[in-house]
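[1] Sequence first, then the predicted structure:
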Amino acid sequence: KRLKKKYTTVDFFLKILLITLFPISTFLLGILYEKIVSERNINEEFEVSQNVNNGNLISLQSKVIKENYVFKIKWGDLGKRMVEDGVIDKGKFAQAITGGEELPKDLDKYFKDGQNKIEVNQKNAQFWVDVLWGLGLANKNKILEEGDMMADGDASNFASTGGWTIGVGDPMNHYSGHSYISLSDKQQKTVEEIAGNIYRPCCGNSTAFPDCNHGMAMLGLIELMVLQGSSEEEIYKTALAFNTYWFPQTYLDIAYHFEKNGRDYLKVSPKELLSKTFSSAMGYEAIRGNVGQLPWPILERRGGSCSA
């Protein structure tokens, strides 16, 4: 009886041990599997990058990222007015852009009167993110007052609102609070339609939900161009140029994706390139999974950030 009781006790402890070890072993096997899959993906991406001809990448990137664009968009005195209204604190703005107390002349001119064109390039891309962000944030518009930004009744906690640290006072004091761009009902409808079609790879939302700085900046750009009578084709083309400077790797990878599939990037419409399929976070993730990690020579610095 004692022997039987002894074996019963041993069996009991063995069962407890097995029950304890099983989830631990399953957990460890899971970690091992993820590591194997991760290393395989890294190796696959490395093989893709090794098999890509560097000369082809240089040729392709010249199609995607131009040296600069000059758009016939009347900026007028918008910069000056935003400083006067406290939407932009010029000292904070200069510090964010240059790290100093003043802006260089080629940027400071946009805070003066009579600017009848906009020049954008790789060097001033961050300037345009920030200044257009201020415009999109502050300009009175139904998208800000009645759209997804106000779904919970409070728009103050988004990156595009709470993250606006280069103005005077609380950013919500300026949110949809200034009539810089007054649109007709027809123009407003056009803005809403175009905004709903333009995505950004930092998140899954369209410009109609401008919850980050790039979305808010794009909204300001669209409003300004619609007011000035630009065609939809011109607006999509201009929006793509800005997005390309803000997210260079995204559009370089997309161009490579099209090349792999026998399509010329330059013949794809800007509207299609800016769509959810390609320019949203999910869309680009699918593209990235297809093309792998590519060693673009032009990419010497990080992509767009969602902060000032």
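    Structure received.
[2] So which residues of the stretch 101-250 of the chain form helices?
    Taking DSSP state H, counting those that start in this stretch as the test, the helices found in the stretch 101-250 of the chain are 105-108, 125-138, 142-146, 159-162, 185-197, 213-227, 232-246, 248-260.
[3] Check what contacts the fourth one and list those residues.
    What that stands for is helix 159-162. Contact with helix 159-162 is made by 133, 136-137, 149, 155-156, 171-172, 175, 210-213, 215-216, 306-307, as judged by Cβ atoms under 8 Å, 6 or more residues apart in numbering. (Each C-beta comes from the backbone N, C-alpha and C, glycine too.)
[4] For S176, see how far away the residue lying closest to T244 once chain neighbours are set aside is.
    With Cβ to Cβ, 6 or more residues apart in numbering as the criterion, T244 has its nearest non-adjacent residue at 4.7 Å, and that residue is Y251. In this view, Y251 and S176 are 30 Å apart by Cβ to Cβ, to the nearest Å.
[5] Those two: who's more crowded?
    Using other Cβ atoms under 10 Å, the more surrounded residue of Y251 and S176 is Y251, with 27 against 20.
[6] I figured the more buried one hits Y245, correct?
    No. In this structure, Y251 is not within contact of Y245 by Cβ atoms under 8 Å, at 9.3 Å.
[7] Now the common contact residues for those two.
    If you check Y251 and Y245 against Cβ under 8 Å, 6+ apart, the residues they both contact are I65.
[8] Could you identify which of the helices of the stretch 101-250 of the chain is most buried?
    helix 213-227 (a mean of 26; mean count of other Cβ atoms under 10 Å).
[9] Next one, pLDDT for the residue nearest to P248 when sequence neighbours are not counted please.
    Distances taken as Cβ to Cβ, 6+ apart put I65 closest to P248, at 5.8 Å, once the chain neighbours are dropped. On pLDDT, I65 comes in at 95.
[10] How about the contacts made by I65?
    So, once contact is read as Cβ under 8 Å, 6+ apart, I65 ends up touching Q122, T244, Y245, P248, Y251, L252, I298.
[11] Mind doing that once more with 10 Å?
    I65 is in contact with N121, Q122, A241, T244, Y245, P248, Y251, L252, A255, W296, I298, L299, counting by Cβ atoms under 10 Å, 6 or more residues apart in numbering.
[12] Kindly provide the distance from it to I194.
    Taking Cβ to Cβ as the measure, I65 falls 23 Å from I194.
[13] can you check M216 too?
    Taking Cβ to Cβ, one finds M216 at 15 Å from I194.
[14] cool, N56 as well?
    Distance from N56 to I194, by Cβ to Cβ: 34 Å.
[15] what bits of the stretch 51-200 of the chain have low per-residue confidence?
    For the stretch 51-200 of the chain, the stretches with pLDDT under 70 are 51-52.
[16] same thing but at 80, please
    The stretch 51-200 of the chain contains residues with pLDDT under 80 at 51-53.
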